[in-house]
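>>> For reference, the sequence and a predicted model appear below.
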Amino acid sequence: MLRSQTKLMDLGRRLCRSIGNNNGSNLTMVEVDDKTGIATLTLNKPPVNSCNLELLLDLNESIKQIERNGSRGLILTSSNDKVFSSGLDLNELHQPNQDRLIAFWRALQDMWLSLFLSRVPTAAAINGHAIAVGCVLATACEYRVMLPGFSIGIHATKFGYVVPPFILISYLSVLPRYIAERALLQGKLFSIDEALHVNLIDEVADGKSDAIIKCAKFIGSFAKTQPDARALTKRQTRAQDVQLLIKDPEGQLRESLEYINTPFFQQGLEVYLAKLKSKSKE
Ligand SMILES: CCCCC/C=C\C/C=C\CCC/C=C/C(=O)SCCNC(=O)CCNC(=O)[C@H](O)C(C)(C)COP(=O)(O)OP(=O)(O)OC[C@H]1O[C@@H](n2cnc3c(N)ncnc32)[C@H](O)[C@@H]1OP(=O)(O)O
């Protein structure tokens, strides 16, 4: 690598400062670019960023921290170069301790609301597979840039999971209804070309740094808007989508828990988890 290139990269690094989210965990990392004021929020739970209770709480705290510290935007990405997020940690749903399950599902609902309604511009640099809730994280953002060779989508019905309304809504907020419905019913995972074709993603990048640059450019497109006016307009635009979860979070929680605790769901999950484990040993 040329010395001038190395120098440029070092400079880039120096311009970023890490900010903690006060809980001392490294499950997510936040770096703010001093020049642009944009925060990069990196999912960092090996091996595949599956969302367990701790990651969801951490992610929510980081989203709030980014808003509190006056960042100009949020870019969500992953420290894993193959997986953006593998969705919910299925171990949280399998034969769950009921108190932990309640905390887990509440954390999921709260985190989704924080990201979906974030007052700052949000973009996802999808540098790996984005499966189920991994896709939901991306669609909660306002813009999506993805790297080739990976899949994105919600394939829940293939494995016997009914999706809760807020997951459905997050799909419907970016896809036309007929495409969202068909994809959900088929349990479809989109290739990058398919995702671009239906506008599930906005752009393709040829590497993670290119994806981050493209996300930053999108965020920069709001430079001339007044932040409070932008934030309130976004909230109004999305108000109907969040109505159910804001008006009756406990009802939504109850409905999901009832479903997760059914023998039907638990048996299906057991089979799926066993398949997943045997695949990873191949
Ligand atoms: C009537 C009203 C109804 C209301 C309904 C309410 C509630 C319904 C409840 C739930 C359904 C909601 C919808 C579902 C949302 C979800 O997000 S479910 C999660 C779905 N995700 C997946 O299925 C992803 C599965 N994983 C993969 O496909 C692959 O792992 C991969 C992401 C493509 C990465 O592949 P690779 O890099 O090859 O890694 P491995 O497969 O080897 O995996 C490494 C280890 O990680 C474990 N793992 C992977 N994903 C998960 C996960 N999601 N949860 C837990 N663990 C996971 C995998 O088993 C390996 O572990 P070991 O190394 O074997 O220990």
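Ah, there it is.
>>> rest of the way, CA atoms for contacts and neighbours
Will do.
>>> Could you list the low-confidence segments of this protein?
Counting by pLDDT under 70, the low-confidence segments of the chain come to 1-17, 20-23, 280-282.
>>> one more time with 90
Residues of the chain meeting the criterion pLDDT under 90: 1-25, 158-161, 170, 277, 279-282.
>>> who in it is up against the ligand?
47-48, 50, 83, 86-91, 131-133, 156, 161-164, 255-256, 259-260, 276-277, 280 (CA under 6 Å from any ligand atom).
>>> mind running it again at 5 Å?
Residues of the chain found near the ligand (CA under 5 Å from any ligand atom) are 86-90, 132-133, 161-164, 256, 276-277, 280.
>>> List the buried residues of the helix of greatest length in the chain.
Once the chain is assigned using DSSP state H, the helix that runs over the most residues is helix 227-247. Buried residues in helix 227-247, counted by 16 or more other CA atoms under 10 Å: 231, 234-235, 241-242, 245.
>>> Also stretch 195-212?
Of the residues in stretch 195-212, those buried (16+ other CA under 10 Å) are 195-196, 200-201, 203-205, 207-208, 210-212.
>>> residues making contact with it?
75, 125-127, 139, 143-148, 152, 174-175, 179, 192, 214 (CA atoms under 8 Å, 6 or more residues apart in numbering).
>>> Repeat that for stretch 77-92.
Looking at what lies outside stretch 77-92 - CA under 8 Å, 6+ apart - the contacts are 40-44, 46-53, 101, 104, 124-135, 150, 269, 273.
>>> out of those, which are inside helices?
Going by DSSP H, the helices hold 53, 101, 104, 133-135, 269, 273 from these.
>>> for those residues, which one is nearest the ligand?
Nearest to the ligand, judged by CA to the nearest ligand atom, of the ones in helices among the contacts of stretch 77-92 is Val133 at 3.9 Å.
>>> Can you name the residues that contact the nearest residue to Leu55 once chain neighbours are set aside?
In space, and not counting its chain neighbours, Leu55 is closest to Leu27: 5.9 Å by CA to CA, 6 or more residues apart in numbering. By CA under 8 Å, 6+ apart, Leu27 lies in contact with 43-45, 54-55, 58-59.
>>> The same query, at a cut-off of 10 Å, please.
42-46, 49, 51, 54-59 (CA atoms under 10 Å, 6 or more residues apart in numbering).
>>> got it, and Phe190?
By CA under 10 Å, 6+ apart, the neighbours of Phe190 are 130-131, 150-155, 183, 196-198, 200.
>>> mind running it again at 7 Å?
Counting by CA atoms under 7 Å, 6 or more residues apart in numbering, Phe190 touches 151-153.
>>> Check which helix or strand the residue nearest the centre of the chain maps to.
Most central in the chain under CA atoms, centre = their mean is Leu137, positioned 1.9 Å from the mean C-alpha point. Leu137 is part of helix 133-140 when elements are defined by DSSP states H and E.
>>> Same check on Ser18?
Counting by DSSP H and E, Ser18 is part of strand 16-19.
>>> and the helix or strand following that strand, what does it pack onto?
Next along the chain after strand 16-19, taking DSSP H and E as the criterion, comes strand 28-33. In this structure, strand 28-33 packs against strand 16-19, strand 38-43, with contacts taken as 3 or more CA pairs under 7 Å, 6 or more residues apart in numbering; DSSP states H and E.
>>> And the ones you listed: which comes nearest Ile63?
strand 38-43 (8.0 Å; CA to CA).
>>> Mind listing the strands the closest one pairs with, and their directions?
According to DSSP bridges, strand 38-43 forms sheet pairs with strand 28-33 (antiparallel), strand 73-78 (parallel).
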